[in-house]
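Novice: 3D model of this:
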Amino acid sequence: MRLCFFYDDITHTGGIERVISLLCAQFTTSHRDLDIEIVSQFRSSKTLAYDFPGTKITYLSEKNYDAKPHSPQRMFRILGNVLNVRKHFKKNKYDVIVGQAYPNMILLYLAGVSLKNVVAAEHVYYGYYGSLLQKLRLHIYKKCSKVVVLTSKDKECYDKFFPSKHTCVIPNPVVLTETYTSPLDSKTIVAIGRIQYQKGFDTLVDVFNRVHEKYPDWIVKIYGDGNLRKELEQQISNSGLNGVVNLMGRTNEIHKKLREAAFFVLSSRFEGFSMVLVEAQSQGVPAVSFDCPNGPSDIIENGVNGILVENQNKDALYDGISYMIEHPEQRKSMGKNAVENVGRFSSVVICNMWKKLFEGIVG
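Specialist: Numbers count the residues shown, from 1 in each chain. Presented below is the predicted three-dimensional model:
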């Protein structure tokens, strides 16, 4: 079976690129009948951030794709690639094409590629785009063979417009070779993600300002970097939280850093599917998380393997953090339950779900 992952720039460093890497690695091990090719519209870097074993990579353009997401520059660069996309898919035939993310689906549609054997793989929550783009998305996705979403809530949204069988839920995979039951005895709270508006670290700082007054010996470590780092540093300083809320930068040792935590906090305004929540669970670290759209509620069972609080309710987040601090035995119980829960997101399980989907399309 010839399988194509169609994406904008596979040389980027991000969640979608990482997911494709994990899928390719597991497919190569578990499903050797798949002939996999990644068709990347652009090539911003000569080196790849992730490994793609057993996978052919084709670049339709050697141009740099780097530009601000949703910017006119990116839109023009994508639209300028229509002819390249049309030529490639006229010349090369695949049994299944997985269009990774909505902008790439738009390009397949504009290039006149038949969508009968195309799977639209969504990586953001349903309401991420404005009403006009949502209408165009429904028009395009209706023509696809299948739509794959990350959460049950997203499927409910699409089910209002499509037959239920047209959309299926397949979460992102996580490698679980390093599962661990962390002791959770420290007084350190960990948060991880790009320092940008979506992740809501400004909200976390606001909330922890109150937490610090009550529990002055607890600290927060935020791992990641991004375009709002300077603003967040200034907010921390203005709040008198230097040395209390710490920006640790990027790390390649996420599992190790998670094991140092008493618990994890997710303060995001929205998510597609929070892989870092699953990674925290894989290390036996429970989370306090906003019930933001759309992902945490599919991962966390409130009070069992973590705490879900009302979305963007700062008082509720404060209460959840305080509960975790004040109840170490319950915290450890949630951590043990988290490890037991995480197996359903293993790369083996997720790849089997994808393979079954492919076979249904081809068969």
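Novice: can we go C-alpha only for contacts and neighbour counts from here?
Specialist: OK.
Novice: F162 and P286: what is the separation?
Specialist: From F162 across to P286, the span is 36 Å (C-alpha to C-alpha, to the nearest Å).
Novice: For those two, work out which one has more neighbours and name it.
Specialist: Taking other C-alpha atoms under 10 Å, F162 and P286 do not tie; P286 has more neighbours (34 against 16).
Novice: how about that one, what does it touch?
Specialist: Contacts for P286 (C-alpha atoms under 8 Å, 6 or more residues apart in numbering) come out as 263-264, 280, 305-307, 331, 334-335, 338.
Novice: Out of the residues you listed, which is nearest to D225?
Specialist: F264 (17.5 Å; C-alpha to C-alpha).
Novice: The closest one: neighbour count?
Specialist: 26.
Novice: and if you look at A287?
Specialist: A287: 32 neighbours (other C-alpha under 10 Å).
Novice: Go through the contacts of P286 and flag which are in helices.
Specialist: 280, 331, 334-335, 338 (DSSP state H).
Novice: With pLDDT, neighbour count and distance to G243 added, can I get those residues in a markdown table?
Specialist: Listed next are the ones in helices among the contacts of P286 as a markdown table, based on pLDDT from 0 to 100; neighbours: other C-alpha atoms under 10 Å; distance: C-alpha to C-alpha, whole Å:
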| residue | pLDDT | neighbour count | distance to G243 |
| --- | --- | --- | --- |
| A280 | 95 | 31 | 23 |
| R331 | 98 | 25 | 25 |
| M334 | 98 | 26 | 28 |
| G335 | 97 | 30 | 27 |
| A338 | 95 | 29 | 29 |
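Novice: Tell me which two of these sit farthest apart.
Specialist: So, the ones in helices among the contacts of P286 by C-alpha to C-alpha: farthest apart are A280 and R331, at 13.3 Å.
Novice: residue ranges of the helices in the stretch 251-363 of the chain, please?
Specialist: For the stretch 251-363 of the chain, the helices defined by DSSP state H, counting those that start in this stretch occupy 254-258, 275-282, 296-299, 314-326, 328-341, 347-362.
Novice: Out of the ones you listed, which is closest to I10?
Specialist: Nearest of these to I10, taken as C-alpha to C-alpha: helix 275-282 at 18.6 Å.
Novice: For that closest one, C-alpha coordinates in PDB please.
Specialist: C-alpha atoms of helix 275-282 as PDB (Å, rounded to 0.1, in the frame of the first residue of the first chain):
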ATOM      1  CA  MET A 275       0.800  15.400  24.000                       C
ATOM      2  CA  VAL A 276       2.600  16.800  27.000                       C
ATOM      3  CA  LEU A 277      -0.300  15.800  29.300                       C
ATOM      4  CA  VAL A 278       0.100  12.200  28.100                       C
ATOM      5  CA  GLU A 279       3.900  12.500  28.500                       C
ATOM      6  CA  ALA A 280       3.400  13.700  32.100                       C
ATOM      7  CA  GLN A 281       1.000  10.700  32.700                       C
ATOM      8  CA  SER A 282       3.700   8.400  31.300                       C
END
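Novice: what's next to that helix, contact-wise?
Specialist: So helix 275-282 is contacted by 172-174, 176, 178-180, 192-193, 255, 258, 264, 266, 286-287, 296, 299, 335, 338-339, 341-342, 345 (C-alpha under 8 Å, 6+ apart).
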